[in-house]
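Student: I'd like to go over a predicted model; first the sequence, then the structure.
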Amino acid sequence: MGVARLMPWDLAVDPTGKPPIKPFNSTQEMVEKTISCLKEIDSEFANCITLLDEMNRFDLDSRKGKSPGGYNYPLYETGVPFIFMNSTGQLRDLVTMVHESGHAVHAVLAHNLPFHEMRSCPSEVAELASMSMELLTMEHWHHFISDEKELKRAKLEHLTSLIDIVPGIAIVDAFQQWVYMHPEHSVAEREQEFVNLYNRFSGSVVDWQGNEKVKENLWQKQIHIFDSPFYYIEYGMAQLGAIALWKNYKTDATTTISNYKKALSLGYTKSIGEIYAAAGVRFDFSATYIKELSQFVQSEIDALQK
């Protein structure tokens with residue numbers, strides 16, 4: 001980038017100076033392209049999002065006064081869920097849409113189970129459904145981005161985010177653990193502990209000089225810390241499962257999708273490990289397994305950079 005000091009805000013731009021990727025111009029176009037993308041993977045996935053569109057189960061555009069964030073909300077009586085987000089036409093919105101589509105497909109596939117609690121999955125399973133859909137659809141993002149160079153750029157941006165998010169997840173999880181284990185801590189102690197954890201997992205490449213107070217309070221950006229205590233490590237667990245499932249998809253797409261649908265149809269009638277096994281992946285956090293998956297992601301990044 002040609003800068004003497006790499007500042008925190010330098011991480012939020014394209015290092016070559018390119019403008020943001022625009023995969024769609026309206027939310028309706030985003031929905032239609034999502035359906036086309038999903039149809040190449042499995043017609044049932046496309047039918048699910050088509051049904052949501054026909055039943056007006058979307059609130060996708062960003063607008064003044066709207067609550068932030070994005071989510072899929074299951075509606076148990078009809079079995080057809082509702083997707084909420086704040087789209088502004090960015091690549092991140094594409095990823096959010098297919099992520100929430102994974103949750104929606106999960107809700108539809110598990111709807112036939114007889115009891116509500118059988119359909120209500122723990123986060124490790126719910127996020128496997130959504131994070132896997134991000135990577136499965138990535139193989140078909142040409143429906144959103146026709147230019148080959150921009151498509152490669154979009155894939156690179158998403159794949160590098162898979163690596164970026166892991167230390168962030170570790171920071172949030174470790175910070176929450178410390179907060180609840182030290183209920184009498186002071187504000188200064190809390191800020192110092194967060195900085196210690198941030199430095200441990202994020203290194204020292206970024207220069208925070210002059211912005212120390214911001215760094216000490218970055219944890220306040222994470223809403224989970226306030227409204228869902230200890231809910232965040234599940235994203236890391238599910239990310240590993242999603243990478244493994246994507247790896248399988250690139251080798252045998254038909255079997256992988258069959259296993260994925262079978263796993264989601266189980267709802268919470270099996271243990272987490274059994275559901276992952278049904279999806280054809282392992283519920284495994286060993287250093288060996290994490291290294292194997294990391295090397296796979298790195299090989300995909302290297303291929304895109306050629």
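Tutor: Happy to help now that I have it.

Student: pLDDT weak spots in the chain?
Tutor: Along the chain, no part satisfies pLDDT under 70.

Student: just the helices in it please.
Tutor: 27-41, 43-54, 91-110, 116-119, 123-138, 148-181, 187-202, 212-216, 224-227, 233-251, 253-265, 272-278, 287-304 (DSSP state H).

Student: for the fifth one, packing partners?
Tutor: The elements that helix 123-138 packs onto, with contact taken as 3 or more CB pairs under 8 Å, 6 or more residues apart in numbering; DSSP states H and E, are helix 27-41, helix 91-110, helix 148-181, helix 233-251, helix 253-265, helix 272-278. Yep, even glycine has a C-beta here, placed from its N, CA and C like the rest.

Student: related to what we said a few turns ago, out of the helices of the chain, flag the one nearest Tyr71.
Tutor: helix 91-110 (6.8 Å; CB to CB).

Student: okay, angle between that closest one and helix 253-265 too, please.
Tutor: Interaxial angle, helix 91-110 versus helix 253-265 (axes from the mean of the first three to the mean of the last three CA atoms, to 10 degrees): 70 degrees.

Student: what angle separates helix 91-110 from helix 43-54?
Tutor: Orientation check (the same axes, to 10 degrees): helix 91-110 against helix 43-54 gives 110 degrees.

Student: just checking, what packs against helix 91-110?
Tutor: So helix 91-110, by 3+ CB pairs under 8 Å, 6+ apart, packs with helix 27-41, helix 43-54, strand 71-73, strand 82-87, helix 116-119, helix 123-138, helix 148-181, helix 253-265.

Student: next, format these as CSV and append mean neighbour count and distance to Val206.
Tutor: Converted to CSV, the helices and strands packed on helix 91-110 look like this (neighbours: other CB atoms under 10 Å; distance: least, CB to CB, whole Å):
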stretch, mean neighbour count, distance to Val206
helix 27-41, 19, 33
helix 43-54, 18, 38
strand 71-73, 17, 30
strand 82-87, 20, 27
helix 116-119, 13, 43
helix 123-138, 24, 26
helix 148-181, 16, 12
helix 253-265, 18, 37
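
Student: quick one: which of these is nearest Met237?
Tutor: Nearest of the helices and strands packed on helix 91-110 (CB to CB): helix 123-138, 5.0 Å.

Student: I'd like the helices and strands packed on helix 91-110 laid out as JSON lines, including distance to Arg190.
Tutor: Shown next, in JSON lines, are these (distance: least, CB to CB, whole Å):
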{"stretch": "helix 27-41", "distance to Arg190": "39"}
{"stretch": "helix 43-54", "distance to Arg190": "42"}
{"stretch": "strand 71-73", "distance to Arg190": "28"}
{"stretch": "strand 82-87", "distance to Arg190": "30"}
{"stretch": "helix 116-119", "distance to Arg190": "37"}
{"stretch": "helix 123-138", "distance to Arg190": "25"}
{"stretch": "helix 148-181", "distance to Arg190": "7"}
{"stretch": "helix 253-265", "distance to Arg190": "39"}
